[in-house]
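Visitor: just coords:
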């Protein structure tokens with residue numbers, strides 16, 4: 001039994017899985033915590049006394065990693081580190097080790113889910129847009145501010161643009177709607193422009209996940225599948241392989 005951990009910029013997602021020979025990976029429990037609530041992982045351990053190790057990725061910094069390590073004391077804890085190749089994906093970053101561990105795990109999860117050309121999009125605090133070729137090559141990708149960060153930047157960097165709740169409309173006629181619509185169109189535009197590079201590939205698909213995904217999913221005019229927790233899926237695939245599954 002393994003505890004999978006995705007320590008992101010805003011939240012810590014977790015999943016308890018069972019790895020058994022000749023059987024599919026089985027999820028028993030999962031949830032999400034705020035960074036200051038990481039101690040609650042102790043309750044997860046209490047519910048699952050068979051846990052023997054934890055495997056995760058962390059982009060939240062050393063302090064969060066240390067808090068997770070304290071909560072997982074007694075478990076063998078390993079962190080994913082990007083490499084040149086793993087889980088059927090080849091990393092073509094100029095320096096493979098510099099790729100974010102969460103993006104690396106999501107690419108591995110995407111490869112397991114859809115073994116064809118795909119665009120892997122995670123819309124959270126930041127939005128990442130990564131190209132994965134049909135042969136498993138990670139070709140590169142984008143990082144841009146997420147929807148909320150874009151809105152906050154406008155409010156903080158200008159004198160007269162408010163941080164207020166707007167709505168999407170194709171032709172905004174209120175400032176708050178212009179801000180909201182602009183941020184959503186920017187997200188959708190970046191995704192669609194990247195997808196053009198694989199649009200001609202057989203069964204090419206955009207895999208879209210993350211907490212802000214639904215805010216602009218309806219604007220996308222490309223083959224699309226909503227998939228959440230690709231990072232945990234990728235971690236699970238690697239954990240199963242490590243256990244000889």
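Guide: Thanks, I have it. Here the structure is a predicted model, which means the values were calculated and not measured.
Visitor: what's the domain layout of this protein?
Guide: 2-79, 86-232 (automatic domain parsing).
Visitor: turn those into a markdown table, including distance to residue 238, mean neighbour count and mean pLDDT.
Guide: (Each C-beta comes from the backbone N, C-alpha and C, glycine too.) Putting those into a markdown table (distance: least, CB to CB, whole Å; neighbours: other CB atoms under 10 Å; pLDDT from 0 to 100) gives the following:
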| stretch | distance to residue 238 | mean neighbour count | mean pLDDT |
| --- | --- | --- | --- |
| domain 2-79 | 7 | 16 | 92 |
| domain 86-232 | 6 | 18 | 95 |
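Visitor: nearest to residue 240, out of these?
Guide: domain 2-79 (5.0 Å; CB to CB).
Visitor: of the domains of the chain, which is nearest residue 242?
Guide: domain 2-79 (7.8 Å).
Visitor: quick one: end-to-end length of stretch 131-148, please.
Guide: 24 Å (CA to CA, to the nearest Å).
Visitor: identify the residues contacting it?
Guide: 88-93, 99, 103, 107, 110-111, 115-120, 123-130, 153, 183-184, 186-187, 190, 194, 197-198, 201-202, 212, 215-216 (CB atoms under 8 Å, 6 or more residues apart in numbering).
Visitor: can you check stretch 184-198 too?
Guide: For stretch 184-198, contacts defined as CB under 8 Å, 6+ apart pick out 117-119, 121, 123, 127, 129, 131, 133, 139, 141-142, 144, 146-147, 150, 168, 204, 206, 208, 212, 215-216, 219-222.
Visitor: the residues you listed in strands, which ones?
Guide: Those of those mapping onto strands are 118-119, 121, 123, 127, 129, 131, 139, 141-142, 144, 206, 208, per DSSP state E.
Visitor: let me know the closest of those to residue 73.
Guide: Using CB to CB, the ones in strands among the contacts of stretch 184-198 come closest to residue 73 at residue 123, 33.6 Å.
Visitor: look up how far residue 182 lies from the closest one.
Guide: 16 Å (CB to CB, to the nearest Å).
Visitor: please name the nearest non-neighbouring residue to residue 156.
Guide: Leaving aside its chain neighbours, residue 156 sits nearest to residue 163 (7.9 Å; criterion: CB to CB, 6 or more residues apart in numbering).
Visitor: ok, longest helix in this structure?
Guide: helix 175-195 (DSSP state H).
Visitor: so how far is it from its chain's centroid?
Guide: Distance of helix 175-195 from its chain centroid, counting by CA atoms, centre = their mean, to the nearest Å, is 19 Å.
Visitor: tell me the angle of it relative to strand 126-132?
Guide: 20 degrees (axes from the mean of the first three to the mean of the last three CA atoms, to 10 degrees).
Visitor: residue contacts, the closest residue to residue 241 other than its chain neighbours?
Guide: Distances taken as CB to CB, 6+ apart place residue 87 nearest to residue 241, at 7.1 Å, with adjacent residues excluded. Neighbour list for residue 87: 108, 111-112, 234, 237-238, 241 [criterion: CB under 8 Å, 6+ apart].
Visitor: repeat that for residue 107.
Guide: By CB under 8 Å, 6+ apart, the neighbours of residue 107 are 89, 120, 130, 132, 138, 234.
Visitor: who does the fifth one bridge with?
Guide: Same thing as residue 138. residue 91, residue 132 (DSSP bridges).
Visitor: right, and residue 90 touches residue 96 too?
Guide: No: with contact defined as CB atoms under 8 Å, residue 90 does not reach residue 96; the gap is 9.1 Å.
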